[in-house]
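>>> I would like the atomic coordinates for the input below:
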Amino acid sequence: MLADTDVGSLITAAQSGARWGYSLLLLQILLVPILYVVQELTVRLGTATGRGHGALIRERYGPAWAWISYGGLVVAGIGAIVTEFSGIAGIGDLFGVPRLVSLGLPACLLLGLVFTGSYRRVEVVAIVVGLFELVFVGLAVAARPNLPEIVASFGHMPLGDGQFRVLIAANIGAVIMPWMIFYQQSAIVDKGLGWEHARRSRLDTLVGAVVSQCVMGAILVAAAATIGKAGQGSAKGLETVGDLAGAFTPALGPWLGQVVFGVGIIAAAFVALNVVALALAWGFGDVTGRPHSLEQSPREAPAFYGAFALAVATGAVAVQLVPDLVALNIAVEVMNALLLPLALGLLILLATRALPEGQRVAGVYKGVVYAVSGITIAFAMVGVLDGVGLL
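Okay, here's the model as predicted:
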């Protein structure tokens, strides 16, 4: 769940605060239960079947739908990996670090961690690194936001503005992502968790949903209290990583603000790179039926580790071609929103039909799942249509 607050998500939240003040903070709060409901379905499917998401789709609906679903994962995953490396490169640029170092070093560290470690080791390292994202909560406090203004913003959401609706879609796409669905279900399987572990896995997911949205809300508040308050974000908002780092210089000073911000961004990027690349590798193993576990060596699962390495290398190389980090990140999140009907549709079908009685989604909770998913998709699609100029 810490990977949910990746570079693209954080920049989208910051752009929301820079352009619209605190108006989109309520959305971040409302997304907590939505995020939990979506990811709880992966807990249910993983613990009940012992199958990854792609494998379950293949078994239930055939290889064609499995490959279609994986195609959506590849589009979202590669976009995410590029944005993570772009964020790291942007921080490197702030401190004058050559791109070869700022991109090559994290790529090598990531490959070394996954190729030489078990799932447990990969998970522990990712959690420890990911906790550095909590620096954004401290930055939000240091920005001294106006609490009465925050409360007043909950009643002021300019839904009639197309640009505001685009950012609604981007924020939804920044929280509900196809690669998180694939990752969590496969991670549960790789950890060997069964139905008896479902309750604790749900609690783990709930805590993660709250923490990740606290980080998203914190960076939105920090940007709103600095850039947004100064009126710098009303027209164009943020255009570079330097603009975003500048949001924290009034509270911490230019050097410390950039260092703290850089630590948070690099931590977010590293965890997300780990999760997204593993989701792509696990998904490939699911749809092809080839060995795909961190408990297996590269010799035992060459396709799995090869897919992981290819995803990491592709992102590191592609980032050299990206001129506008902020625009890229928001475009990727809007694209995630566009993929929601496919990702959530298959997820809900599996959760309501592929499990035995007593484990499948049913009753009142089934209605909640349908309602939450329907409303989320509707808002996301309106924003997407605004983004492409059809509304």
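>>> Mind checking what helix or strand follows the least confident helix or strand in the chain by mean pLDDT in sequence?
One helix or strand of the chain scores below all others by mean pLDDT, DSSP states H and E: helix 249-252, with a mean of 64. Next along the chain after helix 249-252, taking DSSP states H and E as the criterion, comes helix 254-288.
>>> which parts of that next one are buried?
Neighbour counts over helix 254-288 (16 or more other Cβ atoms under 10 Å) mark 257-262, 264-288 as buried. Placement of C-beta: from N, CA and C, glycine included.
>>> And the contacts of stretch 356-371?
Applying Cβ atoms under 8 Å, 6 or more residues apart in numbering, the external contacts of stretch 356-371 come out as 37, 41, 44, 48, 195, 348, 351-355.
>>> ok, 6 Å please
48, 351-352 (Cβ atoms under 6 Å, 6 or more residues apart in numbering).
>>> Give me the neighbour count for the nearest residue to Tyr36 once chain neighbours are set aside.
Nearest residue to Tyr36, sequence neighbours excluded (Cβ to Cβ, 6 or more residues apart in numbering): Ala209, at 4.4 Å. Neighbours of Ala209 under the rule other Cβ atoms under 10 Å: 23.
>>> Also Ile375?
Around Ile375 there are 12 residues (other Cβ under 10 Å).
>>> State the helix or strand in which it lies.
Going by DSSP H and E, Ile375 is part of helix 363-387.
>>> Please apply the same query to Leu105.
For Leu105, the element it lies in under DSSP H and E is helix 99-116.
>>> the inter-axis angle of that helix versus helix 254-288?
50 degrees (axes from the mean of the first three to the mean of the last three Cα atoms, to 10 degrees).
>>> what does helix 99-116 contact?
With Cβ under 6 Å, 6+ apart, helix 99-116 has contacts from 85, 88-89, 92, 125, 273, 298, 308, 312, 316.
>>> possible to save those residues as CSV with pLDDT and secondary structure?
Converted to CSV, the contacts of helix 99-116 look like this (pLDDT from 0 to 100; DSSP: H, G, I helix; E, B strand; the rest coil):
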residue, pLDDT, secondary structure
Phe85, 90, helix
Ile88, 89, helix
Ala89, 87, helix
Gly92, 87, helix
Val125, 91, helix
Leu273, 94, helix
Pro298, 93, coil
Phe308, 95, helix
Val312, 94, helix
Ala316, 88, helix
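>>> just those residues now: which is nearest Ile172?
Checking these against Ile172 with Cβ to Cβ, the nearest one is Leu273 at 22.3 Å.
>>> That closest one: what's its closest spatial neighbour, skipping adjacent residues?
Closest to Leu273 by Cβ to Cβ, 6+ apart is Glu84, at 4.7 Å.
>>> That neighbour against Val7, yeah?
Yes: Glu84 is in contact with Val7 according to Cβ atoms under 6 Å; the separation is 5.2 Å.
>>> Which one's more surrounded, these two?
Glu84 (32 against 29).
>>> got a list of what that one touches?
Counting by Cβ under 6 Å, 6+ apart, the residues that Glu84 touches are 6-7, 269, 272-273.
>>> pretty sure Leu24 is touching Ser16, no?
Yes: between Leu24 and Ser16 a contact is recorded at 4.2 Å, counting by Cβ under 6 Å.
>>> Pick out whichever of those two has more residues nearby.
Neighbour totals were compared for Leu24 and Ser16, and Ser16 leads with 32 against 25 (other Cβ under 10 Å).
>>> what's Arg299 sitting at in phi/psi?
phi -70, psi -30 (degrees, to the nearest 10).
>>> If I look at it, what pLDDT would I see?
Arg299 is assigned a pLDDT of 93 by the prediction.
>>> So it versus Phe115, what's the distance?
11 Å (Cβ to Cβ, to the nearest Å).
>>> neighbour count winner among these two?
Phe115 (13 against 7).
>>> Just the buried positions in whatever helix or strand Ile91 lives in, please.
Following DSSP H and E, one finds Ile91 within helix 63-94. Under the neighbour-count criterion of 16+ other Cβ under 10 Å, helix 63-94 has 65-66, 69-70, 72-94 buried.
>>> same thing with stretch 122-130?
Quick answer for stretch 122-130 (16+ other Cβ under 10 Å): 122-123, 125-126, 129-130.
>>> now stretch 147-154
For stretch 147-154, burial by neighbour count (16+ other Cβ under 10 Å) applies to 150, 153.
>>> What lies in contact with it?
Contacts for stretch 147-154 (Cβ under 6 Å, 6+ apart): 22-23, 26.
>>> For those, pick the one with the most neighbours.
Tallying neighbours with other Cβ under 10 Å puts Tyr22 at the head of the contacts of stretch 147-154, with 26 neighbours.
>>> and the helix holding Ile91, how far from the chain's centre?
10 Å (Cα atoms, centre = their mean, to the nearest Å).
>>> Helix 254-288 and that one, what's the angle between them?
160 degrees.
>>> Assess the claim that Ala279 and Phe182 are in contact.
Yes: counting by Cβ under 6 Å, Ala279 does reach Phe182; the two are 4.3 Å apart.
>>> Having no further points to raise, I will conclude here.
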